Each structure stands twice: as C-alpha cells, then as structure tokens.
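Chemist: Model the following, please.
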Amino acid sequence: MERIICLIAGYLCGLLQSGYFYGKTHHIDIRNHGSGNSGTTNALRVMGPKAGAIVFFGDFLKSLLPCLAVRLVFQNQPGMIYLLILYTGFGVILGHNYPFYLQFKGGKGIAATAGLIMAADLRMTLLCLASFVLIVAVTRYVSLGSLIVATIFVVWMVIFGTMGAYGLNPNLLPEFYIVAALISGQAFWRHRANIGRLIHGKENKISFGSGKTK
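Modeler: Below is the predicted model:
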C-alpha cells in the first residue's frame, strides 16, 4: 500500500508543469515551440536563461520536496524507506512526462530526476552534477549530459544498494533495482530522438554565449 501511495502522490506532484505554466504567463504554450516538450532545455531554448532556471528549479523542487517528505513520514521503516523514495520520484517523473490534463505531453524528466537524486544521496548528487557540467561544457550536448546522469543513477543504486548503503531489507533489493532501472529507462526513452540525432551528429548544441541552443 505504501508503494501505491508514494507513486500516486508523486504523480500528482509531477503534474505541476513548471514550463507549461511559466509559458502561459508569457502567453505561449511552450509545447508548440522548439522541441515541443515542457522541460528545462526547451524553456531555455524558447524563452531564454531566466525561464530555463525557473523551470528547472520548479521541476527540481516538485520532486525533491515530496521525496524528502517520504523520508520524514516513513522514517520508522528504515528497511524500505529508500525504495519508497524511488517510488515517489518515479511517480513525479511519470506525472511530469505524461500529464493527463495536457494529453500526456510533458517533459523528459531530468530535472525531476535530479530532485530525486538529491533526496536520495548527496554523494551521488555531487557526482552527477560534476559529470553533467563536464559533459555539457566539453560537448555542449545537454541531452548527452542528461543521459550520463541517468546512467550514473542506476549504476550507483545497484552498486551501493548491493553494498548495503541504503539499509534495505535484502528481499527488497531486486525491486529496488527494477524501479531504479525504470527511472533511468524513462530518461533514455524520452531522449530516444536525441539519441538518434547524437548518433548521426545532428543533435542541437547549447550556446553558452546566448544561453540558447542552436
């Protein structure tokens, strides 16, 4: 029951589409511009650095806060609390990616994944942040940096979960790995078009001078 509650609560939080609502304040539907999604990168592309920052932190916080709330509410269940955090974060990502009131047309879930990562493990957060900044600085591909973060996340969860870092009951570890893989898999699925463009050398690069992609 706790899993279902966390997943549903997460999905409801994920429905707070920062990019969509911020765009509406500027009289545009961001989904009709740029790449057609309501995430951070498209907000940056369409409306500039300020919009990109606002949308990122909005989507980041809508994942971070409910995940932290789960840590507080279920602190008396240390043997499964990190599994419940993953369910909550997964719910947020699904709500962000597939908002029912926007015909299931949302973002790609990377900022929401970042909020989950910070709620789960500060060490992983620092590694993901450093890797993302380095990859984007060198290649100027935001999508590649995002996919690296998704990869680090699932590998970290498996390694440190196996080492007992999260205090999970051993019988919950397979489920823990599956949910982590589903979260990472969402990032790859939502970036499938980007992956194709990366392979063919046609992916958009971010321009640090203007703060927009080209």
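
Chemist: buried sites along the longest helix along the chain?
Modeler: Counting residues, the longest helix found in the chain (DSSP state H) is helix 49-73. Going by neighbour count (16 or more other C-beta atoms under 10 Å), the buried part of helix 49-73 is 51-52, 54-56, 58-64, 66-70, 73. All C-beta atoms are positioned from the backbone trio N, CA, C, and that covers glycine.

Chemist: Distance-wise, check residue 206 relative to residue 145.
Modeler: Between residue 206 and residue 145 the computed distance is 9 Å (C-beta to C-beta, to the nearest Å).

Chemist: any common contacting residues for these two?
Modeler: Common neighbours of residue 206 and residue 145, using C-beta atoms under 8 Å, 6 or more residues apart in numbering, are residue 136.

Chemist: those helices in this protein, which residues are they?
Modeler: Counting by DSSP H, the helices of the chain are 2-14, 18-25, 40-47, 49-73, 81-97, 110-120, 122-139, 142-162, 173-190, 192-199.

Chemist: Count residues in the vicinity of residue 114, would you?
Modeler: For residue 114, the count of nearby residues is 24 (other C-beta atoms under 10 Å).

Chemist: Quick check, it in contact with residue 149.
Modeler: Yes: using C-beta atoms under 8 Å, residue 114 is in contact with residue 149, at 7.3 Å.

Chemist: quick one on the thing from earlier: what does the longest helix of the chain rub up against?
Modeler: Contacts for helix 49-73 (C-beta under 8 Å, 6+ apart): 6, 9-10, 13-14, 16, 18-19, 22-23, 26, 38-41, 43-44, 81, 84-85, 88-89, 92-93, 96, 107, 111-116, 118-120, 211.

Chemist: Tell me where the chain is predicted with low confidence.
Modeler: 208-214 (pLDDT under 70).

Chemist: Could you rerun that using 80?
Modeler: 35, 207-214 (pLDDT under 80).

Chemist: Against residue 92, how distant is residue 65?
Modeler: 10 Å.

Chemist: so what sits against both of those two?
Modeler: Common contact partners of residue 65 and residue 92 (C-beta under 8 Å, 6+ apart): 13, 115.

Chemist: Without its sequence neighbours, what residue ends up closest to residue 109?
Modeler: Spatial nearest neighbour of residue 109, chain neighbours left out: residue 93 (4.1 Å); criterion: C-beta to C-beta, 6 or more residues apart in numbering.

Chemist: Surely the one you found is in contact with residue 114?
Modeler: No: Residue 93 is beyond contact range of residue 114, at 10.6 Å (criterion: C-beta under 8 Å).

Chemist: Centre of the chain to the longest helix of the chain, how far?
Modeler: Distance of helix 49-73 from its chain centroid, counting by C-alpha atoms, centre = their mean, to the nearest Å, is 10 Å.

Chemist: Also stretch 11-27?
Modeler: Distance, centroid of stretch 11-27 to centroid of chain: 15 Å (C-alpha atoms, centre = their mean).

Chemist: can you pull the buried residues of that stretch?
Modeler: Result for stretch 11-27 [16+ other C-beta under 10 Å]: buried residues 11, 13, 14, 15, 16, 17, 18, 19, 20, 22, 23.
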